[in-house]
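Participant: Structure for the following, please:
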Amino acid sequence: MRVEVGPGRVRVRQDEGRWRFEVADTGGGLESRDAARVFSHFWRGERSNGSGLGLGVVRSIAQAHGGEAGVDNRPGEGATFWLTIPR
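Facilitator: You can find the predicted model right below:
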């Protein structure tokens, strides 16, 4: 996984009875094959120094609270990672 972080944005908004938290950047986005598995437990990108737990744990916690987590990937432009929980 190639990760380049550019200028970013953090946003919180109400969205159909839920809170939606977003972290967006302009760093080029994820490779298409990585976007589909980035939330898998123990999955690590090629250049990762981590354990592969971070985003998998985020999704599990969100789901345990009736929410969800995901990514809106824009290859070549950036990515927006998001989390929703009920209000």
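Participant: Need the single longest helix in the protein, by residues.
Facilitator: Among the segments of the chain that qualify as a helix by DSSP state H, the longest is helix 54-64.
Participant: For it, buried residues please.
Facilitator: Buried residues in helix 54-64, counting neighbours by 16 or more other CB atoms under 10 Å, are found at Leu55, Gly56, Arg59, Ala62. In short, each C-beta sits where N, CA and C put it, glycine included.
Participant: And stretch 66-86, by the same measure?
Facilitator: Those would be 67, 69-71, 73-74, 78-85, for stretch 66-86 by 16+ other CB under 10 Å.
Participant: Tell me which of the residues you listed fall in strands.
Facilitator: Under the assignment DSSP state E, those contribute 69-71, 73-74, 78-85 to strands.
Participant: Show me what the helix or strand bottoming out on mean pLDDT in the chain packs onto, helices and strands only.
Facilitator: Taking mean pLDDT, DSSP states H and E as the measure, helix 32-35 is the helix or strand of the chain with the lowest mean score, a mean of 79. Secondary-structure packing of helix 32-35 (3 or more CB pairs under 8 Å, 6 or more residues apart in numbering; DSSP states H and E): strand 68-74.
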